[in-house]
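Trainee: Any chance you could fold what I've pasted below:
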Amino acid sequence: MARDGAGGPVQSCTVMIREAGIGAMTDSQGGARIVRVPPGSWMVTWRMSGAFGDSARVKFVAGQAETLKALVKFEDETRNPYDVRH
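Mentor: Down below sits the predicted model:
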């Protein structure tokens, strides 16, 4: 889940596991689903133009789902232009 500083969802944020060459874009609720992640420890990054992303190293286990949360901080934190609540 990608959230802004006020806790709102961030849409169209890129979520990548670059080392594995896979990723997805967040939806209107800030969620993204990446499937077929190989087991192992991977760096997951959230990036968006005009924002400071987040990253976390996550251990993925075969057959288990992981729910991750990220803070996406916009350069102008007074307004998130991607906030779907506007």
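
Trainee: Helix, strand, or coil at residue 66?
Mentor: Under DSSP: H, G, I helix; E, B strand; the rest coil, residue 66 falls in the coil class.

Trainee: Angles on the backbone of it, please.
Mentor: Main-chain dihedrals, residue 66, degrees, to the nearest 10: phi -120, psi 140.

Trainee: residues contacting it?
Mentor: Residue 66 makes contacts with 58, 60, as judged by Cβ atoms under 8 Å, 6 or more residues apart in numbering. Backbone N, C-alpha and C define where each C-beta goes, glycine included.

Trainee: Can you report how many residues lie near residue 63?
Mentor: Residue 63 sits with 6 neighbouring residues when counted by other Cβ atoms under 10 Å.

Trainee: Kindly state the pLDDT recorded for it?
Mentor: At residue 63, the pLDDT value in this model is 87.

Trainee: mind checking how far it is from residue 35?
Mentor: Per Cβ to Cβ, to the nearest Å, residue 63 is found 13 Å from residue 35.

Trainee: just so I have it, where are all the strands in this structure?
Mentor: 2-3, 14-17, 22-25, 40-47, 51-52, 54-60, 70-71, 73-74 (DSSP state E).

Trainee: which of the ones you listed is buried the deepest?
Mentor: strand 2-3 (a mean of 25; mean count of other Cβ atoms under 10 Å).

Trainee: Against which helices or strands is that one packed?
Mentor: strand 70-71 (3 or more Cβ pairs under 8 Å, 6 or more residues apart in numbering; DSSP states H and E).

Trainee: What residues does residue 60 make contact with?
Mentor: 37, 38, 39, 40, 41, 42, 66.

Trainee: Using CSV, lay out the strands of the chain together with mean pLDDT.
Mentor: Listed next are the strands of the chain as CSV, based on pLDDT from 0 to 100:
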stretch, mean pLDDT
strand 2-3, 88
strand 14-17, 94
strand 22-25, 95
strand 40-47, 93
strand 51-52, 83
strand 54-60, 91
strand 70-71, 85
strand 73-74, 82
